[in-house]
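Visitor: Structure, please.
(2 chains)
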Amino acid sequence: MSQYQPPLADITFALEHVVGYPDIAKLPAFEHADLDTVVELLEQCGEFMAEVVAPTNRQGDTQGSLLTSDATVVTPDGFKEAYRQYVEAGWGSVPLPEEFGGGGFPRTVGLVIQELMTSANMAFSLCPLLTQGAIEALLHYGDEDMKNRYLPKMVSGEWTGTMNLTEPQAGSDVGALTTRAVKNDDGSYSITGQKIFITYGDHDMAEEIVHLVLARTPGAPEGTRGISCFIVPKFLINDDGSVGARNSVQTVSLEHKMGIHASPTCVLSFEGATGYLIGEENLGMRIMFVMMNSARLGVGVQGLAVAERAYQQSLTYAQERHQGLAIGATGPSSALIEFPDVRRMLMTQRAGISAMRYLMLLDASYVDISSNHPNPAVRARANEIVGILTPICKSFGTDMGNEFTSLALQIQGGMGFIEETGAAQHVRDVRIAAIYEGTNGIQAADLVGRKLGVRNGASMLEFLATMREVETDLADAGEQFATICQELGRQFDALHEATVWMLRTGQSDPNAVLSGSSRTCACGVCAPAPGCCRVPPWQRPQPATPNWRSPNWCWLVFTLSRCCHSPQVCWARQPLAPRTSLPWTPGSCPGPAAGS
Amino acid sequence: MENSALNIVVLVKYVPDAQFDRHLIGDAHTIDRSESILSELDEYALEAALALTDARGGAKAGNVVTALTLGPASAAVAVKKSLQIGATQGLHVNDDALAGSDAWATSLALAAAIKTLGPVDLVITGMASTDGETSIIPAQLAARLGLPQVTFASALEVDGGTVTARRDGDDYSEEIQASLPALVSVTDQANDPRYPNFKGIIAAKKKKMTTMSLADLGLSASDVGLAGSLTTVSAAAERPARTAGTIITDSGDAGIQLVDFLAAQKLI
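Guide: Residues are numbered from 1 along each chain as shown, chains lettered A, B, ... in the order given. Have a look, this model is predicted:
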């Protein structure tokens, strides 16, 4: 299996030229996070992930986490040590508040770190991802004492976090959960019930695990309105902050899964476990949504990250594997990359990965604007856009993750189907991402049911209008962009028409609208257009030199190809030369082969 | 005395990344440094220094670890990385006249640079550079500075005014002591070098980084470079491309052919 190479040139390009990171760094409290500093950090972070975390990926898959006879979970060889180094290096704390020991960097930067870690090892990355979600819930709703008690060690990564929502009868329907919480005399609660699918519900990488648990108090309203959120630590915390007695939460079993074998998916049994209410009773769903919104974008990034890793592997294979002779080639044999169909598959992955990265970073940049912009109106608008983009990021990112890892395997033929090469692991690992954290169908329902109707549809329609600003730039970009401009315009029209139809029909025939919602979510790929708009024309690839295959334009082309179902039109005329090393430099995408 | 602060100099070199193909440029056989990094072997020297100073309260307690490099402007990368990993300050000797210096001339300039740092307790180096691989700099430097030298240490302790090092041979280990100040070179078995911590990377931007020319060191151009070198590279060539292997076709005697081949290569 080939080594993971952090795509820093692509990431830097995306930050600087696509999502306008320099503007994010100008926001109050982000001044220390200028682009140069960020790139320096990311270079070191990439090196760490490639050298320390990536080598554990295969071992994690073959060995998996195990439940021992004394009901403790043991992670695969190398995980404990890699996690220790991860905590020491402090990568988890970069985007978290300085008040609790974090770096106070923008979410956008945190998201890149997450991509690097997830490409290195998705199963490993889930532990910090869940911890981050728990941290955000505590930051928003925890009281001061709670924050001071738990956050510093969670921010550093010494303690990890979990999300306990699902029960056997309560999956997508969280409101059906039955875990009980009864108030004790000292103000704490006694939690009893069974939770399933708890990621990193137990493990041996940290001394403490902080469970966030949804449960019902006696007499609470039915459904989601009667859910409260509790902290249930694996070990009770003593008054001096040290780790004390074992709480009564036990791992009953581990699931045997299709992928992410190294990530222990636990069935947890709470038997009168001591819990502490976060915020107030019956606020649980609101608190969980803080966690979930953060995690949904994070799960979208998993699609991107695993696709990137799989792509790198398929590219190396296509360069090294020689079979037969390509048309017009001389010599004994041709590398797979010389064959048009293989090139198509490589370019499809390549362009799609760029599109995903831009989309995820764009969403993250709006998260930063929504939290740090001095103007309340700008913050509010950014928050609306985050609402639109997050379900799109989650579902588009993970749908594409499935598709591209499958394409990467296809390029490797029979060798890809054999487990030892590692290609299959990517397909298996990323498969869960379209399911958990709200299935992609749930995301679509969220987009159409909740986000579309914001301000009677004005939020979405304004967003579409902003996206269409790119058309003016495209029209000015010259003859070579005419086809792209025309096709993009057609797709914008379709998206606009669908949106207006959904707004009009939503009240009278909601089922008709919801049946088409997944498709709308997929069409959301058009969303990164404002990202392109932010690039001033003089910084764009100059049409005079036909290098429109730089990521910006790849994205546009990809958008078209996805929507108009004719990728060949876009790819066939682009010759692709073998690359000698990764990552490529933006603007110097695989160029025409010498003499072609 | 045991916990008194230490002033340590670590030699760090900017070398071509061994992950990539390495090339020589032009007739002068200079090394292509376009894909270069802090020498991996020097990371062990830096870790040894940081472990000693961490145990003594680090920079706050007055400990100093100076990362010293000699090379062109790009070599500052090695110092920067050292600062990110945890060195207190950086010193970069950079002068066009240094180009072409052999180990002898290099050690002269390094010794002069170390003398500018005041009383130093320890000079720690890696076991070799991963490009030139002469391994002679530590010995020459110790001689020029008048320091006792302990080479190829696989473990290192400082107690009071004494450094104790373990040297591992093929079938023995020996423990060597020297009084401070001293020079120690460490092997790649000495420790497990740390990765830069994210806060360390941010902090490194504010650390002191000094660049010195030959004039700053009180040296003249003729002391170093090709003029000041005792050795010259008379010829160098890139390793020839690998030749095709031998394919034995079995027509009943493949076993014999195979044995003959192995015998001819003196493999059996």
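Visitor: Kindly report the residues of chain B close to chain A.
Guide: In this structure, chain B approaches chain A at residues B:20, B:84, B:194-199, B:201-202, B:205, judged by C-beta under 8 Å from any C-beta of the partner chain. In this view, the C-beta of every residue, glycine as well, is placed from N, C-alpha and C.
Visitor: Now the two most distant members of these.
Guide: Pairwise distances across those (C-beta to C-beta) peak at 30.1 Å, for the pair B:20 and B:199.
Visitor: quick revisit: which members of the residues of chain B next to chain A occur in helices, if any?
Guide: Mapping those onto helices (DSSP state H) picks out B:84, B:198-199, B:201-202.
Visitor: what's the closest of those residues to chain A?
Guide: Nearest to chain A among those: residue B:198, at 4.2 Å, using C-beta to the nearest C-beta.
Visitor: Could you give the number of residues near the closest one?
Guide: Counted with other C-beta atoms under 10 Å in any protein chain shown, residues neighbouring residue B:198 total 23.
Visitor: show me what contacts it?
Guide: A:41, A:44-45, A:89-91, A:93-94, A:103 (C-beta atoms under 8 Å, 6 or more residues apart in numbering or on different chains).
Visitor: what about the chain, any weak spots by pLDDT?
Guide: Answering for chain A, as no chain was given. A:1-2, A:516-596 (pLDDT under 70).
Visitor: try again with chain B
Guide: Judged by pLDDT under 70, the stretches of chain B that qualify are B:1-3, B:27-29.
Visitor: give me that answer again for 50
Guide: B:1 (pLDDT under 50).
Visitor: Please, where are all the helices along it?
Guide: Taking DSSP H to define them, one finds helices in chain B at B:40-54, B:76-85, B:103-115, B:137-145, B:198-204, B:254-264.
Visitor: Pretty sure residue B:132 sits against residue B:101.
Guide: No - between residue B:132 and residue B:101 there is no contact, the gap being 10.6 Å when judged by C-beta atoms under 8 Å.
Visitor: In terms of packing, which of these two has more residues around it?
Guide: The neighbour count for residue B:132 versus residue B:101, taken as other C-beta under 10 Å, is higher for residue B:101 (23 against 16).
Visitor: Please report how far the more buried one lies from residue B:107.
Guide: Distance, residue B:101 to residue B:107, by C-beta to C-beta, to the nearest Å: 9 Å.
Visitor: again, but for residue B:164
Guide: Distance of residue B:164 to residue B:107, computed by C-beta to C-beta: 25 Å.
Visitor: Comparing those two, which residue is more hemmed in?
Guide: Between residue B:164 and residue B:107, residue B:107 has the larger neighbour count (other C-beta under 10 Å), namely 23 against 15.
Visitor: wait, is residue A:161 part of a strand?
Guide: Yes - checked against DSSP: H, G, I helix; E, B strand; the rest coil, residue A:161 lies within a strand.
Visitor: residue contacts, it?
Guide: If a contact means C-beta under 8 Å, 6+ apart, then residue A:161 has A:130-135, A:154, A:209-212 as its contacts.
Visitor: May I see the PyMOL selection of the buried members of the residues of chain B next to chain A?
Guide: What follows is the PyMOL syntax selecting those of the residues of chain B next to chain A that are buried according to 16 or more other C-beta atoms under 10 Å in any protein chain shown:
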select buried, chain B and resi 84+194+195+196+197+198+201+202
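Visitor: Out of the helices of chain B, the one nearest residue A:387 is which?
Guide: helix B:198-204 (30.5 Å).
Visitor: Could the C-alpha coordinates of the closest one be exported in PDB?
Guide: Output for helix B:198-204, consisting of C-alpha atoms alone and laid out as PDB, is shown next (Å, rounded to 0.1, in the frame of the first residue of the first chain):
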ATOM      1  CA  PHE B 198       1.600  23.000  17.700                       C
ATOM      2  CA  LYS B 199       2.200  25.500  20.400                       C
ATOM      3  CA  GLY B 200       5.900  25.100  19.800                       C
ATOM      4  CA  ILE B 201       5.500  25.900  16.200                       C
ATOM      5  CA  ILE B 202       3.700  29.100  17.100                       C
ATOM      6  CA  ALA B 203       6.200  30.000  19.800                       C
ATOM      7  CA  ALA B 204       9.100  29.400  17.300                       C
END
